[in-house]
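Undergrad: Okay, here's the prediction I keep looking at, along with the sequence it came from:
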Amino acid sequence: STSTKRLAAADIAMESCMGGYFLNMEDSDLRNRLRYMFAECLQREVFHKEELVCRENEIGNKAFVIEEGRVQFTTRGQIAGYGERGSSFGELCIVYGVTRQASVQAVTECVITWTINDLSFRRMQALVALGSLKHSKSNFLNAFPKRASSLSDLQEAVQHSRPHIRFEEVKKLSKIGQGTFGSVCVVTVDCGKTSIPDS
């Protein structure tokens with residue numbers, strides 16, 4: 001059924017996008033809640049043979065999980081590999097905000113994918129961060145939710161304004177975990193130095 005396929009895709013998307021976030025987290029309720037949030041956020045997209053799914057060096061705002069079919073990855077004009085049922089791609093764009101690392105093209109008659117967009121991912125990322133704070137022994141981290149209760153509102157405002165934040169402007173407040181791709185940290189940005197809206 002579609003709901004079973006959606007949950008299977010949610011598990012793959014959750015692992016590829018957030019697997020490292022759970023290495024030090026023992027909250028099974030939060031993990032289960034996130035699984036269903038991922039499933040609710042997924043959108044189904046269909047591509048036909050030779051149709052371009054995404055283009056190398058473009059700004060990406062979603063990640064993909066292949067339910068059916070096969071795609072080809074091409075980097076700098078060279079075939080870099082293939083993805084098929086159960087494969088995920090595009091998560092680097094929503095996790096790290098980088099451009100697409102490869103062009104992806106459907107190579108079978110029909111490719112069915114599930115996608116999750118960056119705003120939905122950011123909301124879940126905030127939920128995981130706040131969940132991590134609840135289990136933290138740090139006084140600073142335990143006080144953080146009181147100071148950042150409008151985190152989701154700020155993320156939505158940032159999503160729509162697309163500010164340009166330089167790495168030098170980001171200040172690490174605290175490390176909250178170690179992930180698959182590196183550390184998970186609580187950070188802040190001086191709003192006076194960026195174009196983040198005040199409202």
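TA: Thanks, I have the structure now.
Undergrad: Quick one, grab the pLDDT at the nearest residue to residue 84 once chain neighbours are set aside.
TA: Counting by Cβ to Cβ, 6 or more residues apart in numbering, residue 84 lies nearest to residue 70, which is 4.5 Å off, once chain neighbours are set aside. Bear in mind the C-beta positions are built from the backbone N, C-alpha and C, glycine included. With respect to pLDDT, residue 70 has a value of 97.
Undergrad: One more: residue 66?
TA: The model's pLDDT for residue 66 equals 92.
Undergrad: Name the residues of whatever helix or strand it lives in that come out as buried.
TA: If you go by DSSP states H and E, residue 66 is part of strand 62-68. Using 16 or more other Cβ atoms under 10 Å as the test for burial, strand 62-68 gives 62-67.
Undergrad: In its sheet, which strands sit next to it, and in what direction?
TA: strand 88-89 (antiparallel), strand 110-117 (antiparallel) (DSSP bridges).
Undergrad: which residues are in contact with it?
TA: 5, 9, 12-13, 16-17, 42, 44-45, 53-54, 83-91, 93-94, 104, 110-118, 121 (Cβ atoms under 8 Å, 6 or more residues apart in numbering).
Undergrad: Which PyMOL command selects the buried ones in those?
TA: Selection of buried members from the contacts of strand 62-68 for PyMOL, criterion 16+ other Cβ under 10 Å:
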select buried, resi 5+9+12+13+16+17+42+53+54+83+87+88+89+90+91+93+94+104+111+112+113+114+115+116+117+118+121
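Undergrad: mind listing the helices for this protein?
TA: Ranges of helices within the chain are 2-18, 28-41, 91-96, 118-134, 139-147, 151-161, based on DSSP state H.
Undergrad: tell me what the second one is packed against?
TA: Same thing as helix 28-41. Other elements packing on helix 28-41 under the criterion 3 or more Cβ pairs under 8 Å, 6 or more residues apart in numbering; DSSP states H and E are helix 2-18, strand 110-117, helix 118-134.
Undergrad: which residues does residue 88 contact?
TA: Neighbours of residue 88 in contact, by Cβ under 8 Å, 6+ apart: 12-13, 16-17, 63-66.
Undergrad: From the residues you listed, pick the one nearest residue 186.
TA: residue 17 (18.7 Å; Cβ to Cβ).
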